[in-house]
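Chemist: Predicted model and sequence below, questions to follow.
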Amino acid sequence: MEQVKSEATIRPLEAHERVLALTFMHGSRRRLDSRLRGIGEINGRHRAMTLDSLAWRLCKRWRALATSLNIQIPSEADFDATCALAAALLARPAVAAWVSVAYPFVVVDEAQDLTEPRSEMIRHLAASCHVLLAFDEFQCLNPTMSSMPVERWLPAYCEPKLLEQCHRTNNAELLSAARALRSGCAPKRGGLRFKVVETASKPLAATFLANFITWRKGGNVAVLTPSRKGGFVDGVVELVRTRKLGKQKNGPYLVEWEVATHAEADRVATLTALPEQCSPARAVELLEPHSQEPAIRTVVDWVRRRAALGIDALKGDQIQSRIKRTITESRHFGGLAARKYSAMTIQQAKNREFDHVAVVWPYTVPRNDDQRRRLLYNAITRARRSCLVMVQSSKLLGEAPFRGRLV
Amino acid sequence: MQVSQIQIENFRGIKSGTVRFRQHTVLIGANNCGKTTILDALNLVVGQERLARRLTEHDFYGSDPQSADRIRITATVTGFNPDDPRSHPNWFREGRSVPKWFDPVSGDVLPECTAHSQLLACQIGFAARFDRESLDVETVRYFADDQPFDAFDEETVVPVPTKLIREIGFFLIPAHRTWDRLLSFGSELFRRVVRSTDAMPADTVVAERDRLRDPASRLEDDQQIEPVIKGVNSAVEKLLGIDSSLRLRLTATDSSSVLDAIVPHFKATDNNSVPSKRVGSGMMSLQSLFLLLHLCQERIDQGSSVCMALEEPELHLPPAAQRRVLSQLQSLSTQTIITTHSPLVAGYCDPTDLLVVRNGKQELTASPVLETPLTQTSPNAVRKLFQINRTEVVAALMCETVLVPEGRFDFEWLALILRAIEMTDGGDGPSKFGVRVGVVPTSEAKVVVTCETLSGAHPRVCALVDGDDAGKGYAKCLAHSASGALRILSWPDQWTIEDVVGWIVEADEELLMQTLASDLACAPNSRSELVDRLKSEDRTQGGMKGDVVAYEIIANALADRCPCVHRARDLLDAIASTCVGEPDESFQQSADDGIPKLVFKP
């Protein structure tokens, strides 16, 4: 952000220019958007979007060029193909110039998550825009990505500058635990703000969690876990939700499991069985019984609009993907209602932040040491104020990430 | 900036059509062929004013739009200087137009520049749909990235900011102009002139407003009306207990009603002036046109562009002024698009700028009268067509069918015969020939090259050849020519136009010959002598070929004889029907020497 500020001071933006902020996921898009809003030097002249939506816009608006190059426009849901086409378009100077005239500065956050086609988009943008790229390769949780695609072209573009300081928290214990995990060392277990405890049984873990919530002194709490397999975490959460626990009889606390967007989308989309093809009137008839779902209401309006536009036949899967899209969009753009107590997997928590994080570390955690370190690192770095790690057994405590790498 | 091309779909009488504009374009064509529709389409897509009235079902082709029907108009705007999208960030960037490249030769619009001759272009689209539930017409103006697509069903449609539309500077002066409206502050055009030239007389208007708020002599104090006012005031006071003090003021006493109340006056006699409504429209149109020219001048001086669309400049203007006004308008605008019904106005223009508009059942076309400018190698007959006889050629091209006779005398005779018919209206209405067929003054019997040249501009060019050997030769050439005549009409074997005149005379031979004997300087003894002398140029032997005075005498004599007029009328009607493709038994298909032609059967 300091860098953006100083660049904007050296070369102020023209009336038609904006700073373009790009991320892979919507959570970081929202955060980047609010950070940029705080920079007086650019005076609100910025646009934050995900790479996927930039790619889709590029493909749609330049489809005449794509067609002349004999490239088919992929469907909107095919994000990777859309990004690959966008990268191919951006490789052409006319398209890159069209973007850079509007956005001379491009800020990319969480670049460690960029897959090959998205990384290619940035590479081509970098040829005509001034690109600021931020990444932390240790935050990449995608086990299929062995190395970061951006690293393949970045060395030829510029020398990365190492940012030592973490800005999410200024708590020394949390910072040092994160640093230790990054370098493959064991984090210090017993602190005030970062603590690792052994909780072999569900009631014990639940008591620790209830006490953690009680003593936290304000702020929201997220229960994070690398794995819900085996039901340990679900059991712990259920106890906290239903019982008063420990000597002080703390609780109950209504910790809500966060439903993953795709799961919610699948649920609503499959409420109605739609035929392969039907008339708009028939589609409305089938959807209306479920209109208590806001997404269904939105889609019913969309179907009606299409009828008014003179479209006689709709495909069932087209309507279904519309429902999914409506849910995804409302989640991404409306943001999730900030709950006081929530539970989710570490994957779901990616790119988000909470005041207090409780990590439940069960037997069913993945085997791979490096992946374990990344998981715990991601969980800890979500916390602004404190973090408690509850480990299901002493055996686990003797393994990575609680034990350092053998030198 | 200028509009290089417009594509129209489903708008009023136009099912689909593309018109490519020059820097200065003059649109000609038969009545109801779509000239006005083209200008209205331009106004919808690049015009600054919303159309005065809202669009209705009648603006859709066929007047019964279904849900899926769209009016779609796409304008290709060029003239960006330099032709580099990066130099025009307000037009070409993410969130605005995608750059396109216009090929002025082929008219193609390409997504990438492939040759130096291509021009940077922005494509602006306009779409309208009729909502069968709300009965409203929904419209949208957008950057047309690709075609075809439904702007109402697209999420990435980007509307065109009005600021950019204003940069194009498109102004439309419709034919149903009322000049006194044009010259008042109620007119958007007039306000724009004032605004764009910083000429708003603000101080005077505010002073006038204040004077009207507090007039020197108040209406309500007038002795005649005072008792009434007092009565009203006391009644209100009794009823509501408040002092309302009714006052009468001219206008609503704000500056905009002062502006609206302005009525242009023109000086009449001495110090008297009269409001514009009472002045002849000629005077007023001149003043209004000067207003327009001034607008153009100011915009051009500021480095902006002016695209002026003017319907029928011949309206209200004396011919002497037409030419000057036109050339001034052209020299002061970046682009002009003019429609006209006047061969005179069309005659002022370069034939490459003249577009003949034709609206077929499926497609509207607009082809230039002459594709490329005349060169020194152009045949003399072609040069004459566009230089000496331009007005007549243009008049012919405005008709549904163009008839190319063998020579100048055929042209003269056909015109005289037509006049004879039209002078004696037998209650049969106007001659079909006069309404539907335009005759070209062919020179030097260059019927083949004339057909070839004009068929580029007009899809319905027919040839009329003599029945002599030369005529048969021309028919042969025409039949083999690639872009020649649509149909070949021929006089009977060995006939020329003079034989046709003789045949018409035959209808009432006795009486007619008597008239001619007294009217012509040298009386012909028989019909055959008359025909022989009409064919002969030898004046010492009484030859009358090309003797326009003699032609007129004969034509006038024909006009007096009913049977002759009937015969002539039938003949011309038959020609007209044959030209437009309606079979007529007077012209029969013959394939002598393998050449398909329609031969006249007297």
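Modeler: The structure has been received and is ready for your questions.

Chemist: which ones are touching the residue of chain A found nearest chain B?
Modeler: Chain A approaches chain B most closely through A:Gly310 (2.6 Å), counting by C-beta to the nearest C-beta. (C-beta placed from N, C-alpha, C; glycine too.) Contact analysis of A:Gly310 by C-beta atoms under 8 Å, 6 or more residues apart in numbering or on different chains lists B:Gln66, B:Ser67, B:Ala68, B:Asp69, B:Arg129.

Chemist: Buried among these? Need that as a selection in PyMOL.
Modeler: Entered in PyMOL, the line below selects the buried ones among these, by 16 or more other C-beta atoms under 10 Å in any protein chain shown:
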select buried, chain B and resi 67+69+129
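
Chemist: got the contacts of A:Gly310 as TSV, with secondary structure and pLDDT columns?
Modeler: Converted to TSV, the contacts of A:Gly310 look like this (DSSP: H, G, I helix; E, B strand; the rest coil; pLDDT from 0 to 100):
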residue	secondary structure	pLDDT
B:Gln66	coil	93
B:Ser67	coil	91
B:Ala68	coil	91
B:Asp69	coil	94
B:Arg129	strand	94
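
Chemist: Let's test this: what are the backbone torsions at the residue of chain A closest to chain B?
Modeler: phi 90, psi 20 (degrees, to the nearest 10).

Chemist: Next one: the closest residue to B:Ser304 other than its chain neighbours from chain A, what distance?
Modeler: Spatial nearest neighbour of B:Ser304, excluding adjacent residues (C-beta to C-beta, 6 or more residues apart in numbering or on different chains): B:Gly169 at 5.6 Å. Distance from B:Gly169 to chain A, counting by C-beta to the nearest C-beta, to the nearest Å: 21 Å.

Chemist: The contacts of A:Gly310: which ones sit near chain A?
Modeler: B:Gln66, B:Ser67, B:Ala68, B:Asp69, B:Arg129 (C-beta under 8 Å from any C-beta of the partner chain).

Chemist: how about the first one, what does it touch?
Modeler: Translated: B:Gln66. B:Gln66 touches A:Gly310, B:Arg132, counting by C-beta under 8 Å, 6+ apart.

Chemist: burial count for B:Thr442?
Modeler: Neighbour count of B:Thr442, defined by other C-beta atoms under 10 Å in any protein chain shown: 29.

Chemist: Low-confidence stretches in the chain?
Modeler: In the absence of a named chain, chain A is used. For chain A, the stretches flagged by pLDDT under 70 are A:143, A:145-146, A:164-167, A:334-338, A:406-407.

Chemist: my bad, chain B
Modeler: If you take pLDDT under 70 as the line, chain B has these spans: B:49-53, B:177-189, B:192-193, B:196-197, B:279-284, B:425-427, B:483, B:593.

Chemist: Find the closest residue to chain A in it.
Modeler: B:Ala68 (2.6 Å).

Chemist: Please name the nearest non-neighbouring residue to that residue.
Modeler: Nearest non-adjacent residue to B:Ala68 (C-beta to C-beta, 6+ apart): A:Gly310, at 2.6 Å.

Chemist: Off-centre distance for stretch A:356-374?
Modeler: Distance, stretch centre to chain centre, for stretch A:356-374: 18 Å (C-alpha atoms, centre = their mean, to the nearest Å).

Chemist: my bad, stretch B:139-146
Modeler: Distance, stretch centre to chain centre, for stretch B:139-146: 28 Å (C-alpha atoms, centre = their mean).

Chemist: which parts of chain B sit against chain A?
Modeler: So far as C-beta under 8 Å from any C-beta goes, chain B lies against chain A at B:66-69, B:85-86, B:89-90, B:92-96, B:98-100, B:110-113, B:129, B:131-133, B:145-146, B:150, B:152-156, B:158.

Chemist: let's go with 6 Å and repeat that
Modeler: B:67-68, B:86, B:89, B:93-95, B:98, B:111, B:131, B:145-146, B:152-153, B:156 (C-beta under 6 Å from any C-beta of the partner chain).

Chemist: Mark which of these are buried, thanks.
Modeler: Buried among the residues of chain B next to chain A by 16+ other C-beta under 10 Å: B:Ser67, B:Pro89, B:Arg93, B:Glu94, B:Gly95, B:Val98, B:Pro111, B:Asp145, B:Asp146, B:Phe152.

Chemist: Nearest to A:Ala111, out of these: which one, please.
Modeler: B:Glu94 (20.6 Å; C-beta to C-beta).

Chemist: Would you enumerate the residues in contact with the residue lying closest to the closest one once chain neighbours are set aside?
Modeler: Nearest-residue entry for B:Glu94: A:Ala102, 4.1 Å, with adjacent residues in sequence omitted and distances by C-beta to C-beta, 6+ apart. Residues counted as contacts of A:Ala102 (C-beta atoms under 6 Å, 6 or more residues apart in numbering or on different chains) are B:Arg93, B:Glu94, B:Gly95.

Chemist: Which member of those residues is positioned nearest A:Pro289?
Modeler: B:Gly95 (41.0 Å).

Chemist: SS state for the closest one?
Modeler: Secondary structure, DSSP: H, G, I helix; E, B strand; the rest coil: B:Gly95 is coil.

Chemist: Please report phi then psi for residue 246.
Modeler: Answering for chain A, as no chain was given. According to degrees, to the nearest 10, A:Gly246 has phi 70, psi -180.

Chemist: What count of nearby residues applies to it?
Modeler: 17.

Chemist: doesn't A:Thr207 make contact with it?
Modeler: Yes: if you go by C-beta atoms under 6 Å, A:Gly246 and A:Thr207 touch, sitting 4.3 Å apart.

Chemist: Compute the distance between A:Gln371 and B:Trp413, please.
Modeler: 101 Å (C-beta to C-beta, to the nearest Å).

Chemist: Looking at the two, which is more packed in?
Modeler: Using other C-beta under 10 Å, the more surrounded residue of A:Gln371 and B:Trp413 is B:Trp413, with 22 against 16.

Chemist: and that one, what does it touch?
Modeler: Neighbours of B:Trp413 in contact, by C-beta under 6 Å, 6+ apart: B:Ile497.

Chemist: Tell me which residues of the host helix or strand of it come out buried.
Modeler: Using DSSP states H and E, B:Trp413 maps to helix B:408-423. Using 16+ other C-beta under 10 Å as the test for burial, helix B:408-423 gives B:408-421.

Chemist: Where is the longest helix in chain B?
Modeler: If you go by DSSP state H, chain B has its longest helix at helix B:281-301.

Chemist: With chain A instead?
Modeler: helix A:316-334.

Chemist: If we go by neighbour counts, what in that helix is buried?
Modeler: In terms of neighbour count (16+ other C-beta under 10 Å), helix A:316-334 has its buried residues at A:316, A:319-328, A:331-332.

Chemist: Rebuild the residues you listed as JSON lines, extending it with distance to B:Cys451.
Modeler: Converted to JSON lines, those look like this (distance: C-beta to C-beta, whole Å):
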{"residue": "A:Gly316", "distance to B:Cys451": "60"}
{"residue": "A:Ile319", "distance to B:Cys451": "60"}
{"residue": "A:Gln320", "distance to B:Cys451": "63"}
{"residue": "A:Ser321", "distance to B:Cys451": "60"}
{"residue": "A:Arg322", "distance to B:Cys451": "59"}
{"residue": "A:Ile323", "distance to B:Cys451": "65"}
{"residue": "A:Lys324", "distance to B:Cys451": "65"}
{"residue": "A:Arg325", "distance to B:Cys451": "61"}
{"residue": "A:Thr326", "distance to B:Cys451": "64"}
{"residue": "A:Ile327", "distance to B:Cys451": "68"}
{"residue": "A:Thr328", "distance to B:Cys451": "66"}
{"residue": "A:Arg331", "distance to B:Cys451": "71"}
{"residue": "A:His332", "distance to B:Cys451": "67"}
